[in-house]
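# Return a 3D structure for these sequence lines:
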Amino acid sequence: MIQLPPKITLKAARINAGLNLKEAAEKIGVSVATLHKWESDSSNIKVSDVKKIEEVYHYPNDYIFFGSELEFNSMKLIEER
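Take a look at the predicted model:
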């Protein structure tokens, strides 16, 4: 059985890419405030922005969790049980 990498948060993907919030926002082409908001709740990002994030972070979007931070944390708690 193939082991797939776990989904990580948008913030974790940015950090893994070695980018701070300002650098990432500039490369993606959005404001720092927008990227910060997305890192809390990325459930309404346009497909074009998702593709740009994938390119900038060098991480497949299939393995980035797009949704609210609260929802992600709730899922992790359930998985740990």
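# Give me the neighbour count for V50.
For V50, the neighbour count with other C-beta atoms under 10 Å is 15. Where C-beta positions appear, they are placed from N, C-alpha and C, glycine not excepted.
# ok, and it, which helix or strand is that part of?
helix 47-57 (DSSP states H and E).
# and P6, what does it touch?
Shown in contact with P6 (C-beta atoms under 8 Å, 6 or more residues apart in numbering): Y63.
# tell me the SS of it?
Assigned with DSSP: H, G, I helix; E, B strand; the rest coil, P6 falls in the coil class.
# how much space between it and Y59?
For P6, the distance to Y59 equals 12 Å [C-beta to C-beta, to the nearest Å].
# list residues touching both of those two?
Contacts common to P6 and Y59, judged by C-beta under 8 Å, 6+ apart, are absent.
# any weak-confidence spans in this structure?
1-5, 75-81 (pLDDT under 70).
# And the helix or strand containing E26, what does it pack against?
Element membership for E26 (DSSP H and E) is helix 21-28. Applying 3 or more C-beta pairs under 8 Å, 6 or more residues apart in numbering; DSSP states H and E, we find helix 21-28 packed against helix 32-40, helix 47-57.
# Please list all residues in contact with the nearest residue to E54 once chain neighbours are set aside.
In space, and not counting its chain neighbours, E54 is closest to N61: 4.4 Å by C-beta to C-beta, 6 or more residues apart in numbering. By C-beta under 8 Å, 6+ apart, the contact set of N61 is V50, K51, I53, E54.
# I am finished for the moment; much appreciated.
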